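Asks: Structure for this input, please:
(one chain, ligands or ions: 3)
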Amino acid sequence: MSDYPAVKAALRAQHIETPSWAFGNSGTRFKVFQQEGVPRDAYEKIADAAKVHEFTGVAPSVAVHIPWDTVDDYAELARYATERGVAIGAVNPNVFQDDDYRLGSVCNPDPVVRTKALTHLLDCVDIMDATGSRDLSIWLADGLNYPGQDSIADRQGRLEEALAAVHDRLGEHQRMLLEYKFFEPAFYATDVPDWGTSYAHCVELGDKAEVLVDTGHHAPGTNIEFIVAFLLRKRRLGGFHFNSRFYADDDLMVGAADPYQLFRIMVEIVLGGGLDPNSGVAFMLDQCHNIEPKIPALIRSVMNVQEATAKALLVDATALGKAQREGDVLGANGVLVDAFSTDVRPLLAELREEQGLDPDPLAAYRRSGYAERIRNERVGGAAAGWGA
Ligand code: LRH
Ligand code: MN
Ligand code: MN
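Replies: Ligands and ions are numbered 1, 2, ... in the order given. Coordinates of the predicted model:
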């Protein structure tokens, strides 16, 4: 039988970071849809992130993307966040949207472009110093569209050089998370295409480099929970960008496409000790809400992560271990299926009430009138960053 107080304590301790860009307008390369009440700057994105935290109680930080969230004074932005009960989380450098980066950023054959990209990465560490952020979350769009376009091996050398310079610059309590993605925007070869490449670079770089797993960045059928278990065991799992996908990097709400996959990932996290705040695993969302209202979508996403986590915490580890040792295949599988099949919504409602929150965060948000307020106050919301 599960220990409910321990389950609740673990759920209270889990923090889920929202991405500033999810509050902005977004779409596909065919159309960016404009929604009413969307934030016009980084301050308003933080105000919206604070609402997600207010109603869920477990989303106390918001990741920023630079230059999408450029402000004059980052320390002031951090103070503004603190006043609203949240903190600035990961800083995401953006080295993929300038014309200069047509052939890549830190892997570009042109040393002038490489220097520009590295300078931006280092500037982002300065921003972390000002905001008190722990994580520099690096995703590179670098890659090749055509065989022969550039030397794959030379590009790895350029990558190593730039990442080492960033690693050297990090402060004692700072980390760099290296995100991988097997395709898009490059179609033939990507310079950090998979977790193995990211892991190998991180190991070579040193203790402050860890792998970031974006759940939308794998080929269909990839066993993501295997990757999670491996990296956690090697202490190189820096964190997640949660979202769900049906086809490609869809960036839909986490848990919407395949809640069982999310549960399996969280089982590995729980069994591998990744819920312990000292493990350093950052649970971040990386989503775009093209057609649905953004704040409720993020509240729903946070709740989906909590539900998967709660189910994973309900796995009877003793029964599972016994079945595994005895080679009881169906018994072991049954332990997982039982936990996944449990309705954890009453448990989470109870937990929220104990925390002084409304048991139904979405209904509470709807009743709050915040959506109407921002619709009236904000005219001409900003795009999330691309395709505007
Ligand atoms: C790339 C990515 C990466 C970016 C974000 C906007 O697909 O997942 O994390 O920073 O999308
Ligand atoms: Mn991502
Ligand atoms: Mn992505």
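
Asks: Nearest to ligand 2 within the stretch 1-150 of the chain, name that residue for me.
Replies: The minimum distance from the stretch 1-150 of the chain to ligand 2, using CB to the ion, falls at W139 (5.7 Å). Any C-beta I mention is one placed from the backbone N, CA and C, and that applies to glycine too.

Asks: Can you classify H173 by secondary structure?
Replies: For H173, the assignment made with DSSP: H, G, I helix; E, B strand; the rest coil gives coil.

Asks: The residue of the stretch 251-388 of the chain found nearest ligand 2: neighbouring residues, count only.
Replies: With CB to the ion, the shortest gap between the stretch 251-388 of the chain and ligand 2 falls at D286, namely 3.8 Å. For D286, the neighbour count with other CB atoms under 10 Å is 28.

Asks: Not counting its neighbours along the chain, what's nearest it?
Replies: H241 (3.4 Å; CB to CB, 6 or more residues apart in numbering).

Asks: and this protein, which residues reach ligand 2?
Replies: D214, H241, D286 (CB under 5 Å from the ion).

Asks: Quick check: R378 vs S20, distance?
Replies: 15 Å (CB to CB, to the nearest Å).

Asks: K8 against R352, yeah?
Replies: No - using CB atoms under 8 Å, K8 makes no contact with R352, being 10.4 Å away.

Asks: neighbour-wise, which of those two wins?
Replies: Neighbour count, other CB under 10 Å: between K8 and R352, R352 has more, with 22 against 18.

Asks: Check which element follows whichever strand or helix holds the more buried one along the chain.
Replies: Using DSSP states H and E, R352 falls within helix 345-354. Downstream of helix 345-354, the first helix or strand assigned by DSSP H and E is helix 361-368.

Asks: hey, where'd the strands end up in this protein?
Replies: 16-19, 26-27, 32-33, 61-66, 87-93, 135-138, 143-144, 175-179, 189-190, 209-214, 237-242, 282-285 (DSSP state E).

Asks: winner for burial among those?
Replies: strand 16-19 (a mean of 28; mean count of other CB atoms under 10 Å).

Asks: okay, D3: pLDDT?
Replies: For D3, the pLDDT comes out at 73.

Asks: and it, how many neighbours?
Replies: By the measure other CB under 10 Å, the count of residues near D3 is 11.

Asks: With distance to D276 and mean pLDDT as added columns, please give the strands of the chain in a markdown table.
Replies: Converted to a markdown table, the strands of the chain look like this (distance: least, CB to CB, whole Å; pLDDT from 0 to 100):
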| stretch | distance to D276 | mean pLDDT |
| --- | --- | --- |
| strand 16-19 | 16 | 98 |
| strand 26-27 | 34 | 96 |
| strand 32-33 | 40 | 96 |
| strand 61-66 | 18 | 98 |
| strand 87-93 | 18 | 98 |
| strand 135-138 | 17 | 99 |
| strand 143-144 | 35 | 98 |
| strand 175-179 | 16 | 99 |
| strand 189-190 | 32 | 98 |
| strand 209-214 | 15 | 99 |
| strand 237-242 | 12 | 98 |
| strand 282-285 | 13 | 99 |
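
Asks: between these, which one is nearest to I152?
Replies: In terms of CB to CB, the element of those nearest to I152 is strand 189-190, at 6.0 Å.

Asks: Could you see whether ligand 1 lies near the closest one?
Replies: No - Strand 189-190 is not in contact with ligand 1 by CB under 6 Å from any ligand atom; minimum separation 10.8 Å.

Asks: chain center to that strand: distance?
Replies: 22 Å (CA atoms, centre = their mean, to the nearest Å).

Asks: For A141, give me the backbone phi and psi.
Replies: phi -90, psi 10 (degrees, to the nearest 10).

Asks: need the contact list for it.
Replies: V95, F96, Y101, G104, S105, P185, A186 (CB atoms under 8 Å, 6 or more residues apart in numbering).

Asks: ok, now with 6 Å
Replies: F96, P185 (CB atoms under 6 Å, 6 or more residues apart in numbering).

Asks: For beta bridges, what are the partners of the residue nearest to the spatial centre of the chain?
Replies: For the chain, the residue nearest the mean C-alpha position is H241 (2.4 Å; CA atoms, centre = their mean). Per DSSP bridges, the residues bridged to H241 are D214, M284.
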